[in-house]
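In: Any chance you could fold what I've pasted below:
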Amino acid sequence: MDNRSLTLKNLQKELKSKESELRIPFKTLTKKEKDILAKTVKLTEEVGELANDILSILSLQRKSKLNKFDKKNLYEEFGDIILATVMLANAARVDISRAVKDKLKKLITEYAKDRD
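Out: Prediction:
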């Protein structure tokens, strides 16, 4: 497909014809892998909800969303992200305490040097 004939309709048609070649074979995923995938999607959803609240705090949302915004919800979204992260870590068998400790150490010792 050349760029001159690239319309959304043509793009949709082209991708549909290539779908089987592009598709990830989810049927081969184990129950554990599906659980990890579902928890990753949930975490992404929660991050998106926090992003919406941050836009509201900065008054960068449309008026209808700003009118419904409650700052208390921001606390819930941070909580949701932390809980979703821990649940994903559990599913992936990651020691979250170790992960945070190691990252904090790296942040303090290595990343701080980049600021100098």
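In: Report the central residue of this protein.
Out: In the chain, the residue lying closest to the centroid (CA atoms, centre = their mean) is residue 44, at 2.7 Å.
In: which residues touch that one?
Out: Listed by CB atoms under 8 Å, 6 or more residues apart in numbering, the contact set of residue 44 is empty. For glycine as for every other residue, the C-beta is placed from the backbone atoms N, C-alpha and C.
In: Can you say which helix or strand has it in it?
Out: helix 31-57 (DSSP states H and E).
In: what does residue 73 give?
Out: Using DSSP H and E, the element containing residue 73 is helix 71-91.
In: Next, the angle helix 71-91 makes with the helix or strand just after that helix.
Out: As assigned by DSSP H and E, the chain's next helix or strand after helix 71-91 is helix 96-109. Interaxial angle of helix 96-109 relative to helix 71-91 (axes from the mean of the first three to the mean of the last three CA atoms, to 10 degrees): 110 degrees.
In: How far off centre is helix 96-109?
Out: 21 Å (CA atoms, centre = their mean, to the nearest Å).
In: Send over it as PDB, restricted to the C-alpha atoms.
Out: Extracted in PDB, the C-alpha atoms of helix 96-109 (Å, rounded to 0.1, in the frame of the first residue of the first chain):
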ATOM      1  CA  ILE A  96       7.900  -5.800  45.500                       C
ATOM      2  CA  SER A  97       9.900  -4.800  48.600                       C
ATOM      3  CA  ARG A  98      13.100  -5.800  46.900                       C
ATOM      4  CA  ALA A  99      12.100  -4.100  43.600                       C
ATOM      5  CA  VAL A 100      11.400  -0.800  45.400                       C
ATOM      6  CA  LYS A 101      14.500  -1.000  47.600                       C
ATOM      7  CA  ASP A 102      16.800  -1.800  44.600                       C
ATOM      8  CA  LYS A 103      15.200   0.900  42.500                       C
ATOM      9  CA  LEU A 104      15.400   3.500  45.300                       C
ATOM     10  CA  LYS A 105      19.100   2.700  45.700                       C
ATOM     11  CA  LYS A 106      19.700   3.100  42.000                       C
ATOM     12  CA  LEU A 107      17.800   6.300  41.900                       C
ATOM     13  CA  ILE A 108      19.800   7.800  44.800                       C
ATOM     14  CA  THR A 109      23.200   6.500  43.700                       C
END
